[in-house]
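Trainee: sequence and predicted structure, then a few things I'm wondering about:
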Amino acid sequence: MTKHFLTAALTCVSLASFAQDAVGPPDALVADGLPPIPKSVAESVGRYTEFRGAVFRSWHPTRREMLVRTRFAETGQIHRLKMPGGARSQVTFFPDSVSGASYQPTAGDYFLFTKDVGGNEFNQIYRYDLSTGQHTLLTDGKSRNSGGLWNKKGDRVVYTSSRRNRKDADFYVMDPADPRSDKMVSQSDGPGWGAIDWSPDGATFLIGKFVSANESHLYLMDAGTGERTRLTPDEKGVHWGGGQFAADGKGVYVTTDRAGEFSQLAYVDLATKAITILTPDLKWDVEDLDLSHDGKWLAYVTNEDGLSVLHLMDTATRKEFGPPSFPAGQISALKWHKNNKDLALTLTSARSPSDVYSLDMETRKIDRWTESETGGLVTSNFVEPELIRWKSFDDRQISGFLYKPDPAKFPGKRPVIINIHGGPESQFRPGFMSSYNYYFNELGVAVIFPNVRGSSGYGKTFLTLDNGKLREDSVKDIGALLDHVATRPELDSQRVMITGGSYGGYMTLACSVHFADRIRCAVDVVGISNFVTFLEKTEPYRQDLRRVEYGDERDPAMREWMTQIAPLTNVAKIKKPLFIVQGANDPRVPKQEADQMAAALKAQGTPVWYLLGKDEGHGFAKKKNFEFQFYATVEFVKRHLLGDGAPAADPKSGH
């Protein structure tokens, strides 16, 4: 098999170094070991990188207008919308993505927004004045800041910042109209703290302490003194989330798994601390909620086998009111307008990128505010997923979603990509597959997205089944999936690629070790190669939170075990080609995790491609960088999954 290596480590491959029929990487990407990427690949893939989506961010307080986040150039920015289906007017223009945005909640003459630099996740809070078009930095420009949560009067926000020691999330209050008013109200004892809601009178805010995916706690904090009072019971292994004050300020709506395996909707009486479960018969997680400003309607979303279901509850009677049905997919970003009748939400499905809708509670009418572009592709025939299940080594049932190419277009056994989600406390949930549709529609590749043990959405016990020294049990779930693939006549068990990002990148590397004889190749995106070095170098605000999941590398016995199972330790067992993608500014999985794996593979002669984004963090966010990453990945798939490692044929010549 031909090996393509460059002699200097991480030497940028310039456009001039490629033949005229090849595509070179953007200036910010460093390519090591990548062959020339044929222009024919970029031309074939082109339209599959032109999808965009829109996400709701904020209602205007006095007008039926909103802010949404979408992308028209390189990165996601904030846009104004004055009516459903209206023109999107871009108001922020930065080289880096803008994430959150919220209108000042009484006059709406300015809004706050957050962004980082180069994907480093050290978000700063800014004020954007609509009358002048000017933006003002409100935080220190150095620390990690989260929140910017408004009180009801609209004259203060509460947020957390790591500025004191780069680790702990201390609470600050500020009048955004006067940045000099910024002051710390409470010093925290860890990174897992965050503000959730202000009380109606502005005297108190609800805060949460995140310990792990299985444990969190809620407190009340005096907005003036910073004094904390525990709201929820002091119990281990119980999750408390959501959190919104009732309109009369006498209670709080929350989610909790205290009564069973799943997070249910509950109400906590502030005077008595009595907890009432509002959805006792629900067997799925409640994952998002929002209360109308008059307190009459509570909207919430459940995760039912990976699909989102919207619910509406009359808070006076606590009876459900059935909303109109939405297409099967994912619903997020619920938010009531101050008119108490319009509910905004973001919806994505297999055949539609994320778009913003609103539901009128009086007329039951659904308005579509955005209709995101799809690169000119007709998405009505895009592949819908199939829910599949298989038994693992311990007879536990594991599930995932299978996307199969059209058998009329691609008959016979199809090659398979297994894409493992990150987290690890995440969950693959079917939505719009964006560029992945290229694999289904053009290459005839089937893709499986497994939810191995440790995934959320299947109960709190399932969530803990990969913690600490149980880590490799989730790898065994992929071994069982490979067995399952071999039983399906439409899938080719001899042509399998593993891929994943972040923790999914660790899983990719671990599978490359354990199943080297059962896969053809692998793509590791911002993956962990050694839990010891990862935990030592991940940003300080993340270390303790991750140790709860993975174990504490400072304990000698745990350190020895982590070293023993590390893909880096077992790199000699990796025999199949590997493509590594990494952001230089990644605060979660530091660049060294990719560097050390690439160097070890190169030293032993295992084919390895390494693509580094100098202006990226935990994954590529800039369009031109992502495009080249996708071109290169397609070429890798063509050579190593579909072919024999030789240069890929022109896509026009067949599959």
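Mentor: Right, received. Where do you want to start? Numbering: from 1, shown residues only.
Trainee: all the helices of the stretch 501-650 of the chain, in order from the start?
Mentor: Secondary structure of the stretch 501-650 of the chain (DSSP state H, counting those that start in this stretch): helices located at 503-514, 531-537, 540-550, 556-565, 592-604, 623-636.
Trainee: for residue 265, which of these is the nearest?
Mentor: Nearest of the helices of the stretch 501-650 of the chain to residue 265, taken as C-beta to C-beta: helix 540-550 at 25.7 Å. From N, CA and C alone the C-beta is placed, and that goes for glycine too.
Trainee: quickly list what residue 491 is bridged to.
Mentor: residue 414 (DSSP bridges).
Trainee: show me the residues around the nearest residue to residue 143 once chain neighbours are set aside that make contact.
Mentor: Spatial nearest neighbour of residue 143, excluding adjacent residues (C-beta to C-beta, 6 or more residues apart in numbering): residue 163 at 3.6 Å. By C-beta atoms under 8 Å, 6 or more residues apart in numbering, the contact set of residue 163 is 139, 140, 142, 143, 145, 170.
Trainee: how far away from the center of its chain is stretch 260-280?
Mentor: 28 Å (C-alpha atoms, centre = their mean, to the nearest Å).
Trainee: do stretch 259-270 as well
Mentor: Mean-position distance between stretch 259-270 and its chain equals 25 Å (C-alpha atoms, centre = their mean).
Trainee: stretch 559-575 too?
Mentor: Here stretch 559-575 is found 27 Å from its chain centre; the criterion is C-alpha atoms, centre = their mean.
Trainee: and stretch 257-267, by the same measure?
Mentor: Put simply, stretch 257-267 sits 24 Å off its chain's centre (C-alpha atoms, centre = their mean).
Trainee: what pLDDT, on average, does that stretch get?
Mentor: Averaged across stretch 257-267, the pLDDT comes to 95.
Trainee: before we move on, what about stretch 406-417?
Mentor: 96.
Trainee: check the helices of the stretch 501-650 of the chain for me: which has the lowest mean pLDDT.
Mentor: Lowest mean pLDDT of the helices of the stretch 501-650 of the chain: helix 540-550, a mean of 92.
Trainee: that one - contacts with which helices or strands?
Mentor: When contacts are defined as 3 or more C-beta pairs under 8 Å, 6 or more residues apart in numbering; DSSP states H and E, helix 540-550 sits against strand 204-212, helix 531-537.
Trainee: how many neighbouring residues does residue 564 have?
Mentor: Residues lying near residue 564 (other C-beta atoms under 10 Å) number 9.
Trainee: check the gap between it and residue 103 for me.
Mentor: Counting by C-beta to C-beta, to the nearest Å, the gap between residue 564 and residue 103 amounts to 53 Å.
Trainee: please apply the same query to residue 579.
Mentor: Distance from residue 579 to residue 103, by C-beta to C-beta: 43 Å.
Trainee: next, format the helices of the stretch 501-650 of the chain as TSV and append distance to residue 615.
Mentor: Shown next, in TSV, are the helices of the stretch 501-650 of the chain (distance: least, C-beta to C-beta, whole Å):
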stretch	distance to residue 615
helix 503-514	20
helix 531-537	20
helix 540-550	21
helix 556-565	31
helix 592-604	16
helix 623-636	8
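Trainee: nearest to residue 523, out of those helices?
Mentor: Closest to residue 523 of these, according to C-beta to C-beta: helix 623-636, at 6.0 Å.
Trainee: list the buried residues in that closest one.
Mentor: Neighbour-count burial for helix 623-636, counted by 16 or more other C-beta atoms under 10 Å, picks out 623-636.
Trainee: same check on stretch 488-505?
Mentor: So stretch 488-505, judged by 16+ other C-beta under 10 Å, has buried residues 488, 490-493, 495-505.
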